[in-house]
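K.L.:
Below are the sequence and a predicted model; questions follow.
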Amino acid sequence: MAPRDRRVLAVLGLSAWLSACGPIEYVNQVTFRADSAVEAARAANAEKLAPYWWTRATEYLHQARVEAANADFQAANRFGRLATEAAARAREESLRAAQAPEAVEPPPAPPRKKDNGMAPAIEDGDDATDDETPPAPRGTP
């Protein structure tokens, strides 16, 4: 075999080997690690005790599978890593909440808007408006 033929064969072999890395890493990252981490979080009741991280983990896992179905294994692996991290965090928080439920702080309420374009509501027991007499209708003497 000529040296040129060996180089071409080596390049073809290397490119074939590298093209298979995405799917192999996907199987390791998503199928084994992320799926196992989500199942561990489910076993720790993260769905109820850590809903934010649980939802994040399951949505990332779903998106990893969507990306793999579109043969974008790089994105699928990235979402798989994010799913694994979120599932681990969900499991930690749910275990912590199960041990000391009073120690878990609820998420802060979103800030209220001061002006939403609507008139303010009239509260019951607002005596300031009860003392005033209504204005006379128009056109009456």
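P.N.:
Yes, it's here.

K.L.:
Quick check: buried residues in stretch 64-80?
P.N.:
By neighbour count on 16 or more other Cβ atoms under 10 Å, the buried set for stretch 64-80 is A64, R65, E67, A68, D72, F73, A75, A76, N77, R78, F79, G80. Glycine gets a C-beta too; all of them are placed from N, C-alpha and C.

K.L.:
mind checking the end-to-end distance for it?
P.N.:
Taking Cα to Cα, to the nearest Å as the measure, stretch 64-80 stretches 6 Å from start to finish.

K.L.:
pLDDT averaged over that stretch, what's the number?
P.N.:
Across stretch 64-80, the average pLDDT comes to 90.

K.L.:
Any chance you could list what contacts that stretch?
P.N.:
G22, P23, E25, Y26, Q29, V30, R33, A34, Y60, L61, Q63, A83 (Cβ atoms under 8 Å, 6 or more residues apart in numbering).

K.L.:
For PyMOL, write a command that selects the buried ones of those.
P.N.:
Here is the PyMOL selection string for the buried members of the contacts of stretch 64-80, based on 16+ other Cβ under 10 Å:
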select buried, resi 22+26+29+30+33+34+60+61+63+83
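
K.L.:
Closest one of the contacts of stretch 64-80 to P110?
P.N.:
Y60 (23.3 Å; Cβ to Cβ).

K.L.:
what sits against the closest residue to the closest one other than its chain neighbours?
P.N.:
Computed as Cβ to Cβ, 6 or more residues apart in numbering, the closest residue to Y60 that is not its neighbour in sequence is A83, at 3.6 Å. A83 makes contact with V30, A34, A37, V38, A57, T58, Y60, L61, A64, according to Cβ under 8 Å, 6+ apart.
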